[in-house]
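1. sequence first, predicted coordinates after that:
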Amino acid sequence: MADTFQRLPPSGIKVIIVGAGFAGLSAAIECDRKGHSVTLFEKADDIEEILRIGDIISFDPNGSKAFEHWPGVIDAMEAIARQTDWLDLFHYEGKFVSRQSFAHEKAWGRRINGHRGQLHNIIYQHAVARGIDIRLGSRVEDYFETEDPPQAGVVVNGERVAADVVVAAEGVRSRGRKIVLGFDENPKSSGYAVYRAWFPADLVRDNPVLRHLVADGDVHHGFIGPDTHFLASSIKNGTEVNWVFTHIDDGNIEESWSFPGKPEEALKYLEGWCPVVHELVKATPEGRLIDHKLVYRDPLPTFISPMARICLIGDAAHPFLPTSIQGASQSIEDGVVLATCLELSGRKDIPTALRAYEKLRYERVHRAQAMGPQTRERWHKADWSKVWKNPEMIHLMRETWLLNFDAEQDAYERYEQAVAEVGKVKGRL
C-alpha cells in the first residue's frame, strides 16, 4: 500500500517528528511526499487517547489545500464535515442579528469543520497507509543537537535517537521550546476559558426549543454577549450536535484538554441568556463536556534552535485562540513549508532550510494569530447601539490574503528570496 503513493525520489534527509497531533502528522505526510525519511514519536500508548477528544475543529481553504495532495483524505473529511456555508449570529437574549455567508470562499478551496478526533483519525490512517514509521508510547524526554557530527536528536524512553533534523510538534507544552528559547517558559492565562461539548442529536430532537437545530440538516449559530460568546451547530445532516462557549476565566481549572466540565457550572456563566443556549447546556450528557483553560504565550523570538537543526511547528511555535479559526490551518501550512524547504536545501544544508522555513512563516503566522484577540474583542465588547445599525460589525474577519493562499506554491516561489534574506541577517551577527 505504501508504495502506491506518489512521492519525490529519496532525499537522504532523516527527520524526527515529536507529536502525532495535526501538526506532527501533517509534517510527517508532507516530508514523506518530498522523499524524506520520517520517524514520528508519540507519547500516547494508544491513538484512541487522542481520538476521544470530542470538540469541533476547523480547516479553512488555506489549510485544506494540503489535503488535496493526500489521496482520499479531503473527500473522507468532507463526508463527515458540517454542511453549511453560513453563520447565523444572534444577540445573547435570542434576537437574530445577521447571517454571514462563506459561499464565495469555495473559489479558494474547501472549508472543513468537523469532529476533532474523527478528522484526526482520517489523517492518522493516511499516514499509516503511507508506511510512515509512527512509534506510539514513546515519550520524548529531551532534545539535543551537535556540530560534530552535524545532527539533532531526541532522548526517548531513555535512548538517544539522532537524525538530520528534529521537528517539535508537541503543542504548547513542548519540551522542544527550551532548546529553542534557551530557558523554560511558563504559560500565562489569556483571561478566558472555554466549555466544549459534542453529543448525539437524538438527545435534543424532541425538545421544542432545540428541534430547529437538527430538523433540517446542519446549522451554525453564534450568540454574542458581554465578555462571552456561544457557538452551536449540528453536523452530519443534523445527527450530532456540538457547542462551545468562551467566557472570562475565573481560575477554577488547570490547563488541560480533558478536564471534565459540569453543565450546572457552565450555566452560571449564562444567566440571562436565551432558552436555546440554556437548553443545549442542560441537554449535555455526563462525560461529554470539557472545561478548557485558554493560555497565552508571548510571540517567540524564533522557531528554530541555535544550530538550526531543531524547529517548532504548530502550537509549539504559535498557539492560537479559537476565535482566529486558524490554528489548525497554520499548523498544516507549517508542515508543508518545512518539507518543501528541506526538499530545496538538500541534506547538505539543513540549517539553511530551517532558517528559510522560519523566514517564510514568521510574519504570516503572527499576523494570523493577531486575528484571534481582534475577533474576540469585536464580539465581547460589541456596542449594540451600533451593531443593530450595522450588523456586519460582528461578522468574522475573513481576509483574502489569509484564506486564498497556497503554502507549497509560496514556499517554492519565495525560497531563494528567504535564503538570501536570512543569509544577510546571519552575516551581520
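-> Great, that's in hand.

2. pull the longest helix from this structure.
-> Identified as the longest helix of the chain according to DSSP state H is helix 407-428.

3. residues in contact with Gly225?
-> Contacts for Gly225 were tallied using C-beta atoms under 8 Å, 6 or more residues apart in numbering; they are His91, Tyr92, Trp273, His380. C-beta coordinates here come from the backbone N, C-alpha and C atoms, glycine included.

4. what do you get for Arg110?
-> Under the criterion of C-beta under 8 Å, 6+ apart, the neighbours of Arg110 are Pro61, Ser64, Phe67, Ile74, Glu78.

5. could you look up the SS state of it?
-> Under DSSP: H, G, I helix; E, B strand; the rest coil, the three-state class of Arg110 is coil.

6. now the one 4 residues further on
-> Here Gly114 is recorded as strand under three-state DSSP.

7. which SS class is the closest residue to it other than its chain neighbours?
-> Spatially, and ignoring its direct neighbours in sequence, Gly114 is nearest to Ala81 (4.4 Å; C-beta to C-beta, 6 or more residues apart in numbering). Judged by three-state DSSP, the three-state class of Ala81 is coil.

8. could you pull out the helices for the stretch 101-250 of the chain?
-> Applying DSSP state H, counting those that start in this stretch to the stretch 101-250 of the chain gives helices spanning 116-129, 176-181.

9. so how far is the shortest one from its chain's centroid?
-> It refers to helix 176-181. 20 Å (C-alpha atoms, centre = their mean, to the nearest Å).

10. what's the answer for stretch 274-288, then?
-> Remark: stretch 274-288 is offset 26 Å from the chain centroid, using C-alpha atoms, centre = their mean.

11. name the residues of it that come out as buried.
-> By neighbour count on 16 or more other C-beta atoms under 10 Å, the buried set for stretch 274-288 is Cys274, Val276, Val277, His278, Leu280, Val281, Ala283, Thr284, Arg288.

12. ok, now stretch 381-392?
-> Within stretch 381-392, the residues scored as buried using 16+ other C-beta under 10 Å are Ala382, Val387.

13. what do you get for stretch 124-142?
-> Neighbour-count burial for stretch 124-142 flags Tyr124, His126, Ala127, Arg130, Ile132, Ile134, Ser138, Val140 (criterion: 16+ other C-beta under 10 Å).

14. about what we covered before: between the helices of the stretch 101-250 of the chain, which one is nearest to Val336?
-> Closest to Val336 of these, according to C-beta to C-beta: helix 116-129, at 13.4 Å.

15. could you list the low-pLDDT ranges of the stretch 201-350 of the chain?
-> Where the stretch 201-350 of the chain drops to pLDDT under 70, the residues are 251-258, 295-296.

16. circling back: in helices, which of the buried residues of stretch 274-288 appear?
-> Within these, residues falling in helices by DSSP H are Val276, Val277, His278, Leu280, Val281, Ala283.

17. state which strand of the chain is the longest.
-> The longest strand of the chain (DSSP state E) is strand 188-200.

18. outside of that one, which residues touch it?
-> So strand 188-200 is contacted by 54-56, 115, 239-251, 253, 261, 266, 281, 283-285, 288-298, 321-322, 376 (C-beta under 8 Å, 6+ apart).

19. and with 7 Å instead?
-> Where contact means C-beta atoms under 7 Å, 6 or more residues apart in numbering, the residues beyond strand 188-200 that reach it are 54-55, 115, 240-249, 253, 261, 266, 284-285, 288-296, 321-322.

20. quick one, strands of the stretch 301-429 of the chain?
-> Secondary structure of the stretch 301-429 of the chain (DSSP state E, counting those that start in this stretch): strands located at 310-312.

21. how near is the closest residue to Asp406 other than its chain neighbours to Asn404?
-> Counting by C-beta to C-beta, 6+ apart, the nearest residue to Asp406 once its immediate chain neighbours are dropped is Lys65, at 5.5 Å. Distance of Lys65 to Asn404, computed by C-beta to C-beta, to the nearest Å: 10 Å.

22. before we move on, what about Lys34?
-> Counting by C-beta to C-beta, the gap from Lys34 to Asn404 is 24 Å.

23. looking at these two, which is more packed in?
-> Shown here are Lys34 and Asn404; by other C-beta atoms under 10 Å, Lys34 has more neighbours (24 against 15).

24. do I have it right that that one meets Leu338?
-> No: the criterion here is C-beta atoms under 7 Å, and Lys34 misses it with Leu338 at 9.5 Å.

25. can you get me a residue count around Leu213?
-> With neighbours defined by other C-beta under 10 Å, the count for Leu213 comes to 24.

26. that one is in contact with Ile235, isn't it?
-> No: counting by C-beta under 7 Å, Leu213 sits too far from Ile235 to count as a contact (10.5 Å).

27. ok, the most centrally placed residue in the chain - contacts?
-> Central residue check for the chain by C-alpha atoms, centre = their mean: the C-alpha nearest the mean position is that of Ala328, 2.1 Å away. By C-beta under 7 Å, 6+ apart, the contact set of Ala328 is Phe22, Ile57, Ser58, Phe59, Gly63.

28. likewise for Ser64?
-> Contacts for Ser64 (C-beta under 7 Å, 6+ apart) come out as Ile74, Gly109, Arg110, Ile112.

29. among the residues you listed, which one has the most neighbours?
-> Ile112 leads these on contacts (other C-beta under 10 Å) with 24 neighbours.

30. what is the neighbour count of the closest residue to it other than its chain neighbours?
-> Counting by C-beta to C-beta, 6+ apart, Phe59 is the residue found nearest to Ile112 once chain neighbours are left out, at 4.3 Å. Neighbours of Phe59 under the rule other C-beta under 10 Å: 27.
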